[in-house]
Each structure stands twice: as C-alpha cells, then as structure tokens.
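Chemist: Sequence and predicted structure are below.
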Amino acid sequence: MSKRIIFVLLFYFFGLNIFGDVQIPTSFTTISTHDGLSSNRINTIFKDERGFIWLGTRSGVNRFDGNNVKKYKQIGDEEIFCFEETDEIYIWIGSEKGLKRLNRKINQAETISLTTNDVSVRDIHKISNNQLLIASNRGLFFYNDGKIEHFIFENALSNTNRLIEIVSPDNQNFWIASKSGLCYFNLKDKKTAVYKVGDNNQDQNNLSALEYVDSILYIGTYNRGMIAFDVKGKTFSPMNEFRNNYILNVSNHHDNLYVGTNGNGLIIYSLKSKKFGTIEHEVKNPNSINSNAIYSFLLDENTFWIGTYKGGLSYNPNISNNFNVFRTNTFNSADYNVRSFHITPQNEYLIGTRSGFIFFSEQKNIFRHFTQHDKSLLSSDIILYISPFKKNEYLIGTYGGGLYIFNSETLSLSRFLLEDTFINGCVFRFFQDENSTWWFATDRGLFEYDESTENIKNYNVSNSGLIDDNIVYFNKDSKNRIWLGTVEGLCVFDKHTKTIKNPNFTNLTTNTKEVVSILEDSEDNIWIASHQTFGKINKELTEFTPIIFNQEHIEVFSMLEDEMTNIWLSTNQGIVYYSLKSQIYKTYTIKDGISSYNFANIVQQTSENDIWWANEEGLIHCFIPDLSKTIKAKTPVITEIEIIKEIANQKSVISPEFLKTLRLPADGNDLRIRISYLNYSLPSSNVYEYILEGYDKNWKSQIGNDVVVYNRLPPGKYNFRIRNMNDDNTENAIEVIVQFDYKKLIWIVIISVFSVLLLISLYKNRALAARMLRGNFNDVKYIQSHIKESDAKSIIKKLDSYMASEKPYLNPDIKQTDIAEKMNISSVKLSQVINQYLGTNFSDYINKYRIEEIVNLMQEKSSSMYTLSALAEKCGFSSRSSFFRAIKKHTGKTPAEFLKKTK
C-alpha cells in the first residue's frame, strides 16, 4: 500500500511526465532584475565546483547562491556568452569584447589578448587546466599555457569562422557549430575540415547549437530546426519530428535531449522512446517559466535551470519527496484544511476539515463530503477528532456541534447522546478505557460515560479540582491516570479516587497554559507540549525537564513515539525527529516536501514505517525508510560580509568564501554575515545553527534566514562557526578579530591622567581648607597680617633670649600661646615670625633646642647613667617615637648614627 501511495504522491507532487529517470517539474521559481540580475536576458548558465551558479547576461556577469545575486562589476556591462573553470581560483569568461579571466579569490579580472582585432568569444572548451579551445567570431583559438594559436576555416572572410559552440567526445577531436556549416578540428595534427548541409544553403548551415551522443551530433539551426550528423558516416539527416525551426541550445542528459527554442519553450525529447515533453510559459500559472524564448539551459541533478529572453532565470527548487500530501487520481487532500483524521486498516480515510467531514475509500470508489449545509445532521463544519466506536462506526467530535456517530456502511450520521454538551458543545478528544467506559474532553469539562448503564458524569471547575473547563487535549497513561490539558494549564485525573489535581513539579511553570498535546513514552515519562513550553515529566512525577532546541520560538503541535522509541514532533518550523537515546534531533522542512508548517494536534502511525499528520494544506504522509534519501546536507558557505554599511569583501583582498580570518576595525564592529547552503532549495526552508565563540554562550539556530548579525562587538579574538543542525561534518568556520582602537586608548589614558591629577589637586585644596577650619582663628588671620622686618628681628632676639634663659622647651607640654604670653606678644605675631622669618614651624623650632640640649648633656660624664630615651624625655620629648622623628628630620641620621657621632 505504502509504495503505491508514494508513487502516486510523487507523480502529483512534481506534476511529472517521466523520461527515463528524469522527472520534469511544472512548478518553478523565477529571479529577475527585481532580485538583482543585471539583465533578464540569460545567455549562459554555468555551475562551478563550489556550487555557485554563474549567469552570463546581456549586461554582465552575475552569480547566484540560492538566496542572493552578486554582480561582478569588474567585468563591466558586456554581453556574456560562456564560462569555463580551470581550477578553484580562476573562471574564464567569453564576452562580446573577448576573453576574460576572473580571479575569484581576490575579485580581480584581466583580459586575455587573442588577436590584435576585436573578437567576440562564444564558447570555451576546457582541455586541461592550462589548455583551452576558444570559439570566436574570428575563428578558433588554442590557448596553451599562455601561448595562443589561431586557426581559420576555409578563408578569413568566410562565415564559417563565426563559431558558436564546441563539443568533443575525447578532447582530441572537436566539432564546432558555425554560422556556415559544421567545423572539425583535430588537436594532435591541427587539421581542420568543414561539412555543409545539403547544397550549401545558408539557412540550412546557419547552426546555433550542437550536442554529441553516441557518435551522433544533434545540431540546432536558426531557421531549419534540428538535424543529425553521423560522425562515422559523415552524413546529415533531418529530424522532422521537431517542428520548431528556431533552435537556440541543445544538451543531453540520460538519453534525453533538452532543446531550447525561440518561442516554443523547452522541448524534452527521449532518444529511446522518441517521445516529447515541453516546459512552457503559462499565462495563468504564476509558477511556470517566465518566457518561451529559452536562451540557455542547465540540468544539475534534478534541478532545471532555464535562462530566458527578457524573462530572467527560472528553476525548480531542490525539494525532496520524503513528505507528501496525500493525493490519488480522484481525491486531493491538499484542497482541504485538515484538522483531524483516522485511517482504517482497510485504507479508508475519515478526514475532518474546517469545511466538513470527508469519507474516502479508493477501493470502494467512494467519496462523500458532509457539511452543515447539506441534509445530514452535521451542525458544525469544524471536525476536531475522529475515533473508532463500533463495527463500521466512528465517533466524530466537532467544534460547537457536539458528537456524532458515522456509519461507513450506510454513509450516514447520527447523534451520540441527546445531552446538551454532545449536541452544542465542543468535543475535543475521546477514548474508551479497559472497562469499556468512554471519556470525553470538552469545553465543559471532563465527561465519563458508562455505555452499559448509560450513566454520565461531568467533572468541571465547580465540582472538582479542574482549573478550567476547556480541555483541549487529554491522554491516559499506564498508571490509569488521565492527563488533562486545559486552556489554563495541566491537571491530572486519578481514576481510582475520582479526583483531579493541579500538579506542581520542579521547573514546571505557568507556561503550560494552552496544552495542545500530551504523550507517555516507552520509559513512562510524560511529555507536555503547550504554546510556550515543551518538555517531559519524569516517571516519579517529581520534576519537569524542559527540552530546549537551538531553534528559537519553536512551538510543538503534536507528538508521537514510533516503534524505535523516537519522538516525532510537528512544529511551527517543520517536523522534528528526536532520538530518546542520543537526544539528537533533526528538523525536516519545506525542502523535504512539507507543504506548510501549520499542523493540527492529530498524528497517526498506520504501520511500522508510515506516519500521517493533519495539516492546513492536506494530509501529510511520511514513509520512514525514504528519509534516508534526504538531500545530502551541504556545508554552509559565507557569501558576503558587511561591516557598518560597507561590504567587507569589496574592501578585503580576499572574497568571503576564501577568507579564513576577518579583521574588523575598532569603529566598524557591527557585523552582518550572509550564508548560503548552495542547495537551491527554497530559502525559507534552510535550517542551520551558529555560534560566535568568545561571545555567544550557546549555539543558536535560524530557519529561512540567511543573515547573521552581531552589533558592537568588543575588541578581541572570536571564532564564528556555522553548520547544519547537529552535524559537525558540515561545519564552516572563520576567525574574527576586532582590533583595539589605539588612538582612542591614548586619549583615554590622557583624560584619565588629567582626571587623576585634577582629583589630587581638589583633594589637597579640600584638605588644606579643612585644616584651616580646624585650626585657631588667629592662625588663619595672620596670613593676611603684615609685620615690619625690624619688629620681626626684635621679636627673634627677644625669643632667643627667652629660650636661652628660661629653657621652656624642657616642658613636653609647652605651647606657642604659652611662650607668646611670657613675651607679651600675640600668638599670631609669634607664629608669623617663626614661619616667615625663621622658615620653620613651632614644633620644629622647639625640637631644635631639645636636640641641642641632648647633645650638651651627652658631653657630660654623668650622661652615661641615662639611656637615650631617658635623655630625650629629660630634654622635653614626650615620647621615644617623637624623638626619633625629630633626630631624623634635623640631622638626617638614625638615632644609632646620631648617638655614635655625638660620642
């Protein structure tokens, strides 16, 4: 059953005609000048070894990375006809003005001179890294490690030298389309030849393209459609099956010819079956290609790149078919917003939508759609839940329309109970327990219904511990408890005691409001998903552990544990596969075939390998073994670095994709990094995680956003790492160094020093002011007084006489006021004389006499009876320490040195 469905889904998903193994898409994305192209005329398409798509346009070179278009202004606005790559650095470009060589590492281009005349290069064929064959409007050129050889066909004036395209089966024998016949060139002996179609009619020989397949050249012309040339027999034959005369390009993939026409789209022709297919512009289909004039074509794996005339570039995004919307020949679930469903073992589909209830059986060829507007009993079109009831009967819960019984044999609806809740209420979910008792989660609380006795009991806010009557989800665990998810939070119903409690677990917060899904896993843990929280409660019911994904703002809608103990989550960012064993997760997005991220909380596993989800864009299905075919994750590439509105790679010598270290100026530390996977899926579907080591604490994730921004990075060394989710094998890294601003640092030092000096000055002034305030008012007053020098000398003489006769200094408590009083002068005058005329202060003046007294005493023999401290005390010093300080200040010697010298 699964394989048949997958085949049908694949067919409808791609809208395919099958040509061998090639699948022809019908849905395209188009980029144009509005998206950054230099011109909407795409002459050539080339994919380099790194995975970038190069576009030769009417007005220059563009490069597309799946997200953004980069213009190469180094080439100018010349018309570009071809590309060739010789190594990871150089790409060769053929333009209307000659041959160019672009150094992609340093973004510099140079012109390679082929001849002294103007030359237009139409095709470049790589023979080796140092050898190229070049088709031009002036004949054939052979580039050999810098040396140029020129070859002409027939004569220099012949149109045969207006060459268009080169093909070769062996890099020895070359076939070249020209404006006047088919040319041949042998590299070994340098021989040339020209083959004409028919009677040398110019229209017949005006060749536009060619392709080599199994000794046959398939040749396009500008006026006569397609012709074939047998290389062995050297004969032409018309391909009358092609009715298009104006051929622009021809290429072969898997025995299919892809022929670009001027006006009839892209023609696909099977060389084996001789069948045709077409990719055309459809006026009423916005997802078709933009023009039927196909100027260039490239088939890369399963991606069709179609360059048009005035229609830009169209391509089909690289999307896998791992997840599919359920479709058959007679039914397409994508036409409905699916809210609920149930799939029977007989492959009958009961689907609840926002526009009624659907029963579909492909085997019985039955499709029935019930709505509130038909003659059925259905009074609400929003179907919330569907579950088996009895043989051939199913219960249908609705929003505001109660509960119904659907009979799949009679295709009829009937009421379940004539009770108001089951007629007019919202019935969100229900199940039958081991005792055959039915339980219902409604907007009016929890209902218990015994079918045998027809007894019904309602548990609500008013008669139980229920915190809210709106029970949007519930689930029974292995311990016979019913976990109730209400709008206001989580409750637990104990079936033994018939009581409801509001659990309070460690780390469980009020974020469990609006619980949408509850799951018991194989290890008896209870998983809770609400609009703001996702995590599990351990089996001991003691702790709630939030499960943190690197993806920000992720919201879980439904949960399912498969037979391999893996958890499947439908979320607002895709479907997440979470391994309980390794705790590693993987996110599947639009690029994996998921059509929308708006899921309902209904999920069903119908077999070991089949899982189904309700989604606003239909019923989504996954065949688990197909997930191994997921598009191989590529290493993300840094394509652009922007610093404060300046594009870094234009300033830097090295392009971002080659850059290993990025140095940021101190005043340019706002960093903007553009990322591409080069997988050419839908940009909105790419998921990656990144970290700036030295700045970020944890990995961060983004989905559908190709820009990473850091603002005001402080000076230092960082390491920017980026990878696919949980995939070290796809990691890319670049070192980021934010330089110090030394000029700013110098100014900071100068300002700091100035500030310190200013503070010191302020401190000293304040200290001086404080001392002046604490001192005697007269001490302050004398500063402004004036004393005559003669008066000062008189006071000094009188002071010396008093000191010699009375020896007041022997008194350790002597004060300046005491001496002034004895001399009959004011203390202010005495202080002024000592300070201004003797150049000292009162304390030092007194200590000088005391030291002289000690010296005199030490000359006497009786001094040996005293210690130095005793002598100091005898001479007026109040303490040993004050004496030592005075000795050091007046003599510059230590007490020991002073004593030795005195003796």
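Modeler: Here it is on my side, so go on. Numbering: from 1, shown residues only.
Chemist: Show me where the protein dips below the pLDDT cut-off.
Modeler: 1-22, 506-512, 550-552, 628-632, 644-652, 668, 767-786, 861-865, 896, 899-903 (pLDDT under 70).
Chemist: Centre of the chain to the longest strand seen in the chain, how far?
Modeler: With secondary structure taken from DSSP state E, the chain has its longest strand at strand 727-738. Centroid separation between strand 727-738 and its chain, computed with Cα atoms, centre = their mean, to the nearest Å, is 13 Å.
Chemist: can you give me the helices for the stretch 551-700 of the chain?
Modeler: Using DSSP state H, counting those that start in this stretch, the helices of the stretch 551-700 of the chain run over 648-651.
Chemist: Repeat that for the chain.
Modeler: All helices of the chain, identified by DSSP state H, fall at 2-14, 202-205, 421-424, 648-651, 742-774, 777-781, 789-806, 816-822, 827-832, 842-858, 868-874, 880-891, 895-902.
Chemist: The second one packs against which elements?
Modeler: In terms of contacts (3 or more Cβ pairs under 8 Å, 6 or more residues apart in numbering; DSSP states H and E), helix 202-205 is packed against strand 216-221. Glycine gets a C-beta too; all of them are placed from N, C-alpha and C.
Chemist: List the neighbouring strands of the strand it packs on plus their orientation.
Modeler: Note on strand 216-221: by DSSP bridges, its sheet partners are strand 207-213 (antiparallel), strand 226-230 (antiparallel).
Chemist: Flag every buried residue along it.
Modeler: The neighbour-count check on strand 216-221 (16 or more other Cβ atoms under 10 Å) flags Ile216, Leu217, Tyr218, Ile219, Gly220, Thr221 as buried.
Chemist: Show me what the most centrally placed residue in the chain is bridged to.
Modeler: Nearest to the geometric centre of the chain sits Gln702, at 3.8 Å (Cα atoms, centre = their mean). Assessed by DSSP bridges, Gln702 has beta-bridge partners Tyr688.
Chemist: among the strands paired with strand 216-221, which is the most enclosed?
Modeler: Across the strands paired with strand 216-221, the average number of neighbours (mean count of other Cβ atoms under 10 Å) peaks for strand 207-213, which reaches a mean of 21.
Chemist: Name the residues that touch it?
Modeler: 164-165, 167-169, 175, 177-179, 181-182, 217-222, 231, 247-252, 255, 257, 260, 271 (Cβ atoms under 8 Å, 6 or more residues apart in numbering).
Chemist: try 7 Å this time
Modeler: 164-165, 167, 169, 175, 177-178, 182, 217-222, 247-252, 257, 271 (Cβ atoms under 7 Å, 6 or more residues apart in numbering).
Chemist: need the contact list for the residue nearest to Arg429 when sequence neighbours are not counted.
Modeler: Nearest residue to Arg429, sequence neighbours excluded (Cβ to Cβ, 6 or more residues apart in numbering): Ala441, at 4.4 Å. For Ala441, the contact set (Cβ under 7 Å, 6+ apart) comprises Phe428, Arg429, Phe430, Ile471, Tyr473, Phe474.
Chemist: Could you say which of the residues you listed is surrounded by the most neighbours?
Modeler: Neighbour counts for those, by other Cβ atoms under 10 Å, peak at Ile471, which reaches 28 neighbours.
Chemist: For it, give me its contacts.
Modeler: With contact set as Cβ under 7 Å, 6+ apart, Ile471 has these partners: Phe428, Ala441, Thr442, Gly445, Leu446, Leu484, Gly485, Thr486.
Chemist: Excluding covalently adjacent residues, which one is nearest to it?
Modeler: With Cβ to Cβ, 6+ apart as the criterion, Ile471 has its nearest non-adjacent residue at 3.9 Å, and that residue is Ala441.
Chemist: can I see the domain layout of the protein?
Modeler: Under the assignment automatic domain parsing, the domains of the chain span 637-738, 790-902.
Chemist: Return the most buried member of those.
Modeler: Of the domains of the chain, domain 637-738 is the most buried (mean count of other Cβ under 10 Å), at a mean of 17.
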